[in-house]
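Enquirer: Just a sequence and a predicted model for now, questions to come.
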Amino acid sequence: MRPGALSVPAVEIRGVEKRYGALLALRDLSFELDQASFTLAAGPNGAGKSTLLRILATLTRPTRGEVRLFGKNAFGREAAELRGRIGYLGAEPGLYGELTVLENLLFAAELRGVGRERIEWLLSELRIESVAEQRVRTLSLGYRKRAGLARALLGAPDLLLLDEPWTGLDAEAASGLTRFLSRRLEAGTTLVLASHAPRDPGDLFGGVLSLDAGRLQSLDASRATPAERP
Amino acid sequence: MSGARVAWAVLRKDLLLDLRSRDRAGHMGVFAFLVVALLSITLPESPEAAGAWVPALLWILLLLTSILGLARSFAAESEAGAVATLAGVACDRGWVFLGKAGANLIALLALQLWVAVLAAVFLDVRWEAAGWRAAAVGALGALGLASVGTLLAALSVSVRAREFLLPVLLFPLVLPVLVICARLTAESLGGDPTPGLWWGVLGLYDWVFVLIGYFVFDHVLED
């Protein structure tokens, strides 16, 4: 984590609205998330979880409202610098099927200005060394997901955004992912996950942000405080 | 984070994907071959009459063929959700545009080379008479097509009917390039002097659209 006060929230959302034509995907959303916290964005399909994550990843501009990440305007002049602090894994792994896992990670590393040693560490940490030389299109969904996670983690992000990360993983891989995310949290990363069926409730999540039809139903603020550091 | 490094990485990645899949080059090459073969059968036999038509027809062919390639230039990103990967760069997203446009430029230059060979073989076009001017027109025309085409391909990437949208948007925008390039090619092939004004307009057009692409790409890569 960058030096600086933990008192600055990792995420500040004020009156955010997102409209796709006639569809209002998010309505008047306002909340804050502390640094080094682990938040689950929960809700049924179409609740606006993915849209919220895309906005936090600066991939989707809100129609209205203000988004600040680590105290900076997410869509202002410092957006490029902020993007370097964000890791995002959407529903798709964001990898090129005709390239191998290693080629994909080398490409993503060049976009992030990251060295090869970080790739090797991630391949080992996520247990995908054995498929590093395989083309992504030949991999199972579970391996693709882990390779996509490696891509999202390349820049050692301070804010990690994962959309339905457990989908397609078997039980062993899912618990491996949960353990991995716990370690990221201990390392000071702010985690925001969107899932309608989390594999690991209660213990892991610091806060639960409940959405329905684009509206914030509740934010369990008592649990959204920074996680205990070791 | 160095923007030039990002542009270079995107360009290399696109060329590597092209080499791996060969979809783009294959479709463009075959289409160009078929059209030139048809032209060789249907054009008047008199060299004067053919000479009057060939430059314009070749540029129309290049435009139509480039549509096939440009429409696929963001296919890999849209199929794998990798637009987010490109949009997540820790520098100005305009550098991604420069990388994508650079890869498209190289593909279009390769296409022009192929069409030039086909035209020489099937239509008896004497490129040696045109000299460096034909090569310069080709390069400037390809840059114009690549810059506008990359921008529009990115704009239409999330649209369901992008195969239809791209030509509808591209044709009117590249009309000046097409007209000027056809005229300069005809004058070059005929050994006539080519007015500096047209070279200037062509260069300015390219420069303006490269700049527009660079500056608006930040918004284009967002939803």
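Expert: Okay, I see it. Residues are numbered from 1 along each chain as shown, chains lettered A, B, ... in the order given.
Enquirer: low-confidence ranges in chain A?
Expert: Within chain A, the set of residues satisfying pLDDT under 70 comprises A:1-6, A:197-206, A:221-230.
Enquirer: any idea whether the residue in it positioned nearest to chain B is helix, strand or coil?
Expert: Going by C-beta to the nearest C-beta, chain B is nearest to A:Glu92 of chain A, at 2.6 Å. All C-beta spots, glycine's among them, are computed from the backbone N, C-alpha and C. Using DSSP: H, G, I helix; E, B strand; the rest coil, the three-state assignment for A:Glu92 comes out as coil.
Enquirer: For the residue lying closest to it once chain neighbours are set aside, report the pLDDT, please.
Expert: Here the nearest residue to A:Glu92 in space, its sequence neighbours aside, is B:Gly81; by C-beta to C-beta, 6 or more residues apart in numbering or on different chains that works out to 2.6 Å. As summarised for this prediction, B:Gly81 has a pLDDT of 84.
Enquirer: how about the residues of chain A that lie near chain B?
Expert: Contact residues of chain A with respect to chain B, defined by C-beta under 8 Å from any C-beta of the partner chain, are listed as A:20, A:54, A:57-61, A:79-81, A:83-84, A:86, A:88, A:90-99, A:103, A:107-108, A:110-113, A:136, A:151, A:155.
Enquirer: are any of those residues buried, and which?
Expert: Buried residues within the residues of chain A next to chain B, counting neighbours by 16 or more other C-beta atoms under 10 Å in any protein chain shown: A:54, A:57-60, A:79-80, A:83-84, A:86, A:88, A:90, A:92-99, A:103, A:107-108, A:110-113, A:136, A:151, A:155.
Enquirer: Skipping adjacent residues, who's closest to residue 190 in space?
Expert: Unless you meant another one, I'm taking chain A. Sequence neighbours aside, A:Ala10 is the residue nearest to A:Thr190 in space, at 4.0 Å (criterion: C-beta to C-beta, 6+ apart).
Enquirer: That was the other one, I meant chain B.
Expert: Counting by C-beta to C-beta, 6+ apart, the nearest residue to B:Gly190 once its immediate chain neighbours are dropped is B:Gly51, at 7.2 Å.
Enquirer: Report the distance from the helix or strand harbouring that neighbour to the chain centre.
Expert: With secondary structure defined by DSSP states H and E, B:Gly51 is part of helix B:47-71. Averaging C-alpha positions (C-alpha atoms, centre = their mean, to the nearest Å) puts helix B:47-71 12 Å from its chain's average.
Enquirer: Could you do stretch B:12-32 as well?
Expert: With C-alpha atoms, centre = their mean as the basis, the distance from the averaged C-alpha position of stretch B:12-32 to the chain average is 14 Å.
Enquirer: Give the buried residues for that stretch.
Expert: For stretch B:12-32, the neighbour count (16+ other C-beta under 10 Å) marks B:Lys13, B:Asp14, B:Leu16, B:Leu17, B:Asp18, B:Asp23, B:Arg24, B:Ala25, B:Met28, B:Gly29, B:Phe31, B:Ala32 as buried.
Enquirer: which phi and psi does A:Ala132 have?
Expert: Here is the backbone geometry of A:Ala132 (degrees, to the nearest 10): phi -60, psi -30.
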